[in-house]
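# need the 3D shape of this:
(chains A and B)
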Amino acid sequence: MATSETGAEFTLDTAAELAAQEAGRGIEGKSPWLLAWRRLRRNWIGLLFLLVFVLIVAGCLLAPVYASHVSHQGVNDTNVGGTITVNGKKIDVVSSGGVTTGPNGEVKVKAGGVPIGPQWWHAGGRYVLGADSLGRDIATRILYGGENSLQVGIVSAAICAALSIFLALLAGYYGGAVDWIITRFFDLIWAFPVILLGIALGTALAINGFHHFGINLSGSSLWIPTFVISYVYIPYLARPLRGQILSLRQTEFVEAATAQGAGPFRIMFSELLPNIASTMLVLFTLIVANTILTEAALSFLGAGVQPPNPSWGTLISAGENTIQSAPWLGIAPGIAIVLTVLSLNIFGDALRDALDPRAKVRIEH
Amino acid sequence: MRSRKRWSSVLGAAAVLMALALVAAGCGSKKKSASSSKTSGKTFATLKVVWGDTDYMDPGLSYRLESWQLFQNIYEGLVVQKHAGGAASADIVPALASSMPTVNSAGTNYKFTLRKGLKYSNGKPIKASDFPATIARDFKMNSPGIGFYSNIVGSDACEKNPTSCSSISGIVADDSAGTVEVKLKKPQSDFMYVMSLPFSALVPAGTAAKPLTNPPPPGNGPYYMVSYQPHKSFTIKRNPFYKKDSIPTVPQGNPDQVVGNITDDLAASAQKVISKSADYDENLLPTDRLAQIQKKYGPQVKFFTTPSTYYFFMNQRTPPFNKLQARQAVNYAIDRNQLVKIRGGLGRTTQNFLPPTYPQYKKIDVYKLDLNKAKQLVQQSGTKGMKVTVYTIGDTEIDKATGEYLQGVLKSIGWNAGIRELAGGTYFTIVGNQATKAQIGFTDWFQDYPYPTDWFGVLEDGTKITNVHNNNNSNVNIPAVNKEIERLSHLPPAQASSTSTNDAWAKLDHDLMVKYATEVPYLNGLLTDFFSTRMDPGCDVSDNFYADFSQFCLK
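A predicted model of the protein is given here:
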């Protein structure tokens, strides 16, 4: 918290704080990106959460190393009948059970099937966060699951951003009938709640895959949730961009470019696009957080990443049934999602403040 | 899953009934009145239960165990399966009929005589003509049970056009004499069991031929269904027109009223009993909490073996499972003990198709876990590296884990295995559709009645394969097997349950599972009954339709 430029006002607005701090300093001759970096590096909370995100990404990318050198178990390797040694004692990875018949014919059951809990480092790196009902290493699966979740989240956000920019540029630049058609397309997607549309598309495509236009994707391909999520978020990204382009279209520099004989595509990509880059960058970080959450939701509901491939959503789904007996199965991937989304949102806010302290860019639902 | 009941295809196989008649005769002589059972006479006001989801509360339409379990005290047939535990539960005893039917020497003509003075819960007298009307109503509603009646003379027209079925010439009722005569086209070994199914339970003539929900059709046993909210709740009360012990083979019942809460959530279901808001949990206890609940509540948890087999089907119409070596490979690669573990210990390993409760059962112990041999067999089959998709139910943790286990095993022996998890509600419809071309997957079978035709006739007879709703998921179609099933279903009455016939069924089991390796049976399931501390678990009698609520009693 700080006082504003005038020193008379007390505010909780980070953007205002940054603007105030910058007021007395010379900004002449500095590029907007340098100014933005100057603002960003002063926002230590934003940078801290960027570091958290980078660490999560690095951890997930190192999943194969963890699997081969620490847990010594592949992501989908089952070990129902296995044992591990903890403090010199052999214990079952999944507790044994079975049925015996007593001398009078009575049925005796020894309940089993309960997976081992977190071993931390007592088992030499094996089952650090415990096992699931098939004896698979939870820590390994969380790292691989994170890799899948981040891949789906980031790639779908990138595809969504590319399509949104293109459609927004077309709609904003040409206006008229082109704008009407494109905005009706946005309305059509917007008419369905994101999760509902995602479930419908994800489930339909997960059954038989996608085999059209020379593209062959099996039902279990990660590209299916990736494309589904990128599609459902298009209007959420494209609409604010279109609005900005509509206003930029009326500015002098566009008129100047037109007067110089620049064609539509040159104006769109050389004049308009750079001017929405900062907005795009901010929206991208926020949309990544949303796509990761959507992936988790769809996978939780069975319409996203298909088993046995893990994702944070499928891991939470698997942990839901054992929340009382083995809560770590659901809680651990839940914490991973919370940290990732929180870090992206806080960093996204920081980036917005840095790039344009007056901007109020946000994803509307 | 205990809840799964499926349409049994037409058991056109004919056979004899002598053994059943003998059983019946035996039962007649040692008939035990409900009033003399150890649980009787312990009446109490209200039993609160939590129950698995039901499909219909109409005996003409329901094909789900949760409903049948309730029906056994509400909707009675001319004969019923005995309300007793153990081997005696396979006995057929007269219910609405005053005695076992008289049967002609050819085994094609059955004559039943109705008990006198019986009334439905709405006060209407039970008449002989209600039986043909009941069967015609089944046809009119296109009931999943109509296939059971295809061997009755005159059923062809109704089968051809079920919704316009008004009567079947082979069923003759005489209200004044109180007799029902059923004429069969040819002998049918399991006919008395068919007559004991809820589809054969009498409802008043004139009952609307549409699914009746609230209220369901009037009861004819000691209880009736007062109200039923699908997927939510039900209330059962004593039939006000039922005179004490008027059907001696059906227990009089202890609770005056049963209030049921319906849910499929296993954890929530168990919690209701733990918190004492319910007296009995009909659902399976959640396996991850089984040890904990067992430790804390000890004798309040009861286990019972079910006549069920859990197995993996292997579609013999599609590669790689059209090759014998490929099917044998899966049998050698599966660790059945691990599958029992995945089910929380609630099962016994098996390599037989028939459950061990059958007199036709002869233990098969051929497949020793041998991954190297399995890999060799895959190699020999020439299918190594082939894409294989495992089908399983995705919304039940145990089934899901079972499917993922199988996928891991198939991958380890050389196939490129993937998995498709489907919702339980649509699973059997999808894998039972030939268009799906499901290669391999999870399935199970709980008996409709304790005779091998309910297994081999429905699940292994190639002549019964259908394009949709196919129960023979492996598409087993071996002419020699088909012929043998047919032969065993057409034996003279004296041989129906003879030692030589039982041996022949056992050989068929062995041939199918070993010589042809048609399926991968892995366990016979156990189910749980969980009682609150106010209930006496000693009164729990599990018959062929599982726990009989009418015999529950307080401590």
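# can you list the weak-confidence ranges in the chain?
In the absence of a named chain, this looks at chain A. Low-confidence segments of chain A (pLDDT under 70): A:1-29, A:105, A:357-365.
# actually chain B
B:1-41, B:492-494.
# pull out the buried residues from stretch B:404-417.
B:E404, B:Y405, B:L406, B:Q407, B:G408, B:V409, B:L410, B:K411, B:I413, B:G414, B:W415, B:A417 (16 or more other Cβ atoms under 10 Å in any protein chain shown). Any C-beta I mention is one placed from the backbone N, CA and C, and that applies to glycine too.
# how about that stretch and chain A, touching?
Yes. Stretch B:404-417 is in contact with chain A by Cβ under 8 Å from any Cβ of the partner chain, via B:E404, B:Y405, B:Q407, B:G408.
# these in strands, which ones?
Nothing among the residues of stretch B:404-417 next to chain A maps onto strands, per DSSP state E.
# of the residues you listed, closest to B:V366?
B:Y405 (21.1 Å; Cβ to Cβ).
# please name the residues that touch that closest one.
For B:Y405, the contact set (Cβ atoms under 8 Å, 6 or more residues apart in numbering or on different chains) comprises A:T78, A:V80, A:L134, B:Q338, B:L339, B:I342.
# of the residues you listed, which is the most crowded?
Using other Cβ atoms under 10 Å in any protein chain shown as the neighbour test, those are led by B:I342, with 28 neighbours.
# grab the nearest non-local neighbour of it.
Leaving aside its chain neighbours, B:I342 sits nearest to B:A401 (4.9 Å; criterion: Cβ to Cβ, 6 or more residues apart in numbering or on different chains).
# what strand or helix carries that neighbour?
Applying DSSP states H and E as the criterion places B:A401 in helix B:397-412.
# before we move on, what about B:V388?
Taking DSSP H and E as the criterion, B:V388 maps to strand B:387-393.
# swap in A:S164?
helix A:138-174.
# what do you get for B:Y224?
strand B:223-229.
# can you list the strands that that strand pairs with?
Strand B:223-229 sits in its sheet next to strand B:233-238 (antiparallel), going by DSSP bridges.
# could you pull out the helices in the stretch 101-250 of chain B for me?
B:130-140, B:155-160, B:191-195 (DSSP state H, counting those that start in this stretch).
# does B:G344 touch A:S95 like I think?
No. Applying Cβ atoms under 8 Å, one finds B:G344 not in contact with A:S95, separated by 9.2 Å.
# chain A against chain B: which residues are in contact?
A:76-78, A:80-81, A:94-99, A:107-114, A:133-134, A:207, A:218-220, A:302, A:306-308, A:318, A:321-322, A:324-326.
# which ones among the residues you listed lie within strands?
A:G98, A:V99, A:V107, A:K108, A:V109, A:K110.
# and the nearest residue to B:L554 once chain neighbours are set aside, its phi and psi?
Excluding the flanking residues, the one nearest B:L554 by Cβ to Cβ, 6+ apart is B:F44, at 5.1 Å. The phi/psi pair for B:F44 (degrees, to the nearest 10) reads phi -150, psi 170.
# what's across from B:F44 in the sheet?
Under the criterion used (DSSP bridges), B:F44 bridges to B:P255.
# what's the neighbour count on it?
Neighbour tally, B:F44, other Cβ under 10 Å: 15.
# helix or strand for A:T85, which one?
With DSSP H and E as the criterion, A:T85 is inside strand A:83-86.
# what strand or helix carries the most centrally placed residue in chain A?
Geometric centre of chain A, nearest residue: A:I292, 2.4 Å, by Cα atoms, centre = their mean. Using DSSP H and E, A:I292 sits in helix A:273-300.
# check which residues of that helix are buried.
Within helix A:273-300, the residues scored as buried using 16+ other Cβ under 10 Å are A:273, A:276, A:278-300.
# this completes my enquiry, with thanks.
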